[in-house]
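Q: quick one, structure for this:
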Amino acid sequence: MTEIIMALQIVVAGITLALMGTILLCLIKVRKGIDITVNIHPQKDTEFIQSPVELPDKAELEKLQQTLDKNEEARQDTAASLDSLIGQLNEIMTGGTEDGRNS
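A: Down below sits the predicted model:
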């Protein structure tokens with residue numbers, strides 16, 4: 001009977017040691033920055049909860065479109081101003097010529 005208990009203790013110790021080794025290996029890999037991939041299996045239930053979607057009314061869509069148009073105009077104006085500023089800085093840095101040579 002004692003031999004069976006000792007054998008079980010050895011098996012449990014071996015399993016514990018293997019588990020600790022696996023955990024230690026994972027910790028070392030994480031510490032070194034090696035990616036560990038964990039696969040998570042989705043649930044077998046494929047039914048999705050669907051709620052009815054209300055479409056926005058036409059006035060709200062037009063208001064959003066106007067806001068988008070204003071933002072696009074502002075973006076284009078800012079881009080044009082930035083191009084102009086870069087051109088002016090280029091003239092100042094090069095002394096008025098594109099290649100930087102003084103005439």
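Q: hey, where'd the helices end up in the protein?
A: With DSSP state H, the ranges of helices along the chain come out as 2-32, 58-94.
Q: show me this protein divided up by domain.
A: 1-36, 56-103 (automatic domain parsing).
Q: how about the ones you listed in JSON lines, adding mean pLDDT?
A: Listed next are the domains of the chain as JSON lines, based on pLDDT from 0 to 100:
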{"stretch": "domain 1-36", "mean pLDDT": "77"}
{"stretch": "domain 56-103", "mean pLDDT": "83"}
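Q: save these as CSV, and put in mean neighbour count too.
A: In short, each C-beta sits where N, CA and C put it, glycine included. What follows is the domains of the chain, written out as CSV (neighbours: other CB atoms under 10 Å):
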stretch, mean neighbour count
domain 1-36, 9
domain 56-103, 10
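Q: next one: Gln66 from Glu72, what distance?
A: For Gln66, the distance to Glu72 (CB to CB, to the nearest Å) stands at 11 Å.
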